[in-house]
Every structure is written in structure tokens, then in C-alpha cells.
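In: Got a predicted structure plus its sequence, pasted below:
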Amino acid sequence: GLLVDQGHLDPEARAAVPEWEDPADPRHEITLRHLLRMADGLDFNEAYKIPEDGGKAAWSHCIDMLFGEGTADPAAYTAARPLAHPPGTAFNYSSGTSNIVARIVGDIIGRGDEGRAWMHEHLFAPIGMHSADPRFADSGDFIGSSYLYATARDWARFGLLYLRGGEWDGRQLLSREWVDDARATRARDDDGAEYGAHW
């Protein structure tokens with residue numbers, strides 16, 4: 001949101017993912033907005049528990065990404081997934097998608113310590129999230145799907161930023177337009193839960 005507001009990212013633009021550079025690749029048409037709304041179309045199974053009977057249907061890309069084949073580079077692991085649906089046509093919650101977004105952000109703010117410093121300076125410190133501890137993969141990319149540790153009180157500060165329409169102590173930290181778009185219902189999952197843009 002900060003990078004969109006600053007003009008560094010355009011949600012309508014094709015996602016800057018090297019694995020999808022070839023115009024003949026159908027994933028070439030995936031935009032940042034598709035990724036933000038979990039409508040990229042990638043074949044990604046988010047299952048957190050593997051049924052005891054096993055089988056291919058039980059395969060969890062989420063578990064493999066975080067604890068198996070994708071551990072060193074979760075974004076590359078997910079970017080290698082084929083399409084299951086044309087971009088923009090189906091909602092599929094995918095923590096792998098969050099890691100692709102995190103890599104795109106890292107291309108701008110930096111990776112590892114540089115990325116951590118940027119997050120603290122531009123987001124965490126201004127709202128008083130002093131306990132925030134983002135973790136990074138061996139690739140240097142923030143593991144945006146799963147590993148940002150903070151106290152419950154600091155997570156409440158992040159939620160309050162959105163409840164206040166992006167304003168903190170009289171300063172418009174995030175544009176109201178970004179906040180409203182992020183929390184507007186764009187899809188519903190199989191259980192009826194609402195989803196916006198990573199909210």
C-alpha cells in the first residue's frame with residue numbers, strides 16, 4: 001500500500017515476476033491486483049493438514065513451500081506453479097501468492113536487513129509496532145505469507161491503522177483509497193468468509 005501510494009507499484013500492471021516474462025506464458029497476464037485479491041489463477045493447494053489416507057489430492061503446496069522443496073525460496077516455488085484458471089476468474093486463497101507479492105516488494109525496498117529496516121522505518125515505527133520481527137528466506141525475500149512475529153498489542157495497532165482509514169496520529173500513512181480497496185469484499189471462500197486485497 002505504501003509503495004502504491006508512492007507511485008512505485010501499479011496494481012493494474014502486469015506482475016513483475018521473472019518466471020512469467022515470456023508473453024507466450026499464460027501467467028504473463030497476471031497483474032499485481034490479481035495477486036493481491038488471490039485471483040491469480042495459480043494451481044496452489046493451501047491445505048494445512050494432510051489427510052491420513054494420503055494421495056495426490058492431499059498434497060499441500062503450502063506445507064511444501066514452507067517446510068519442503070520451497071523453503072529456501074518460497075516465491076520462486078510458487079511462481080513455478082502452473083495456472084489452474086485464467087487470471088482474474090477464480091478466487092483461491094494461496095499463501096504462496098503472498099510470497100510472490102513480498103518478492104515484488106523486496107525488488108523495491110530491498111531484501112534481508114535492508115528490507116527489515118525499510119519496514120521498520122516506514123510502517124512499524126510510525127504506528128508503534130516495536131516488537132515486529134519479519135523473517136526472511138535464504139533467498140533474502142520476506143516470507144510474507146507466514147513469518148511476521150509481533151505481540152498481540154502490536155498486531156492490534158496494525159488493525160487500528162486500517163480501522164482509522166490509514167491515518168495514524170493525524171498523519172495519513174496509507175491513502176484512504178488503498179485502505180478502502182483492501183478491505184472491500186472482492187470474493188468469498190468456500191466457508192463464506194469475505195476477502196478483499198490481502199484482507
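Out: Everything's here; your move. Residues are numbered from 1 along each chain as shown.
In: Mind telling me what element residue 102 is part of?
Out: In the assignment (DSSP states H and E), residue 102 maps to helix 95-109.
In: Mind listing residues that contact that helix?
Out: Helix 95-109 is contacted from outside by 3, 8-9, 15-17, 32, 35-36, 38, 40, 42, 44, 46, 61-62, 65-66, 70, 74-75, 77-79, 81, 115, 118-119, 139-146, 198, using CB atoms under 8 Å, 6 or more residues apart in numbering. All C-beta spots, glycine's among them, are computed from the backbone N, C-alpha and C.
In: Equivalent analysis for stretch 149-166, please.
Out: Residues from elsewhere that reach stretch 149-166 (CB under 8 Å, 6+ apart): 1, 124, 127-135, 167-168, 172-176, 178-180, 182-183, 199.
In: Would you write out the ChimeraX command that picks the buried residues out of those?
Out: In ChimeraX, a selection of the buried entries from those looks like this (16 or more other CB atoms under 10 Å):
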select :1,124,127,129,132,134,168,173,174,175,178,179,182,183
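In: buried subset of the contacts of helix 95-109?
Out: Applying 16+ other CB under 10 Å to the contacts of helix 95-109, the neighbour count classes 3, 9, 15, 17, 32, 35-36, 38, 40, 42, 44, 46, 61-62, 65-66, 70, 74-75, 77-79, 81, 115, 118-119, 139, 141-145 as buried.
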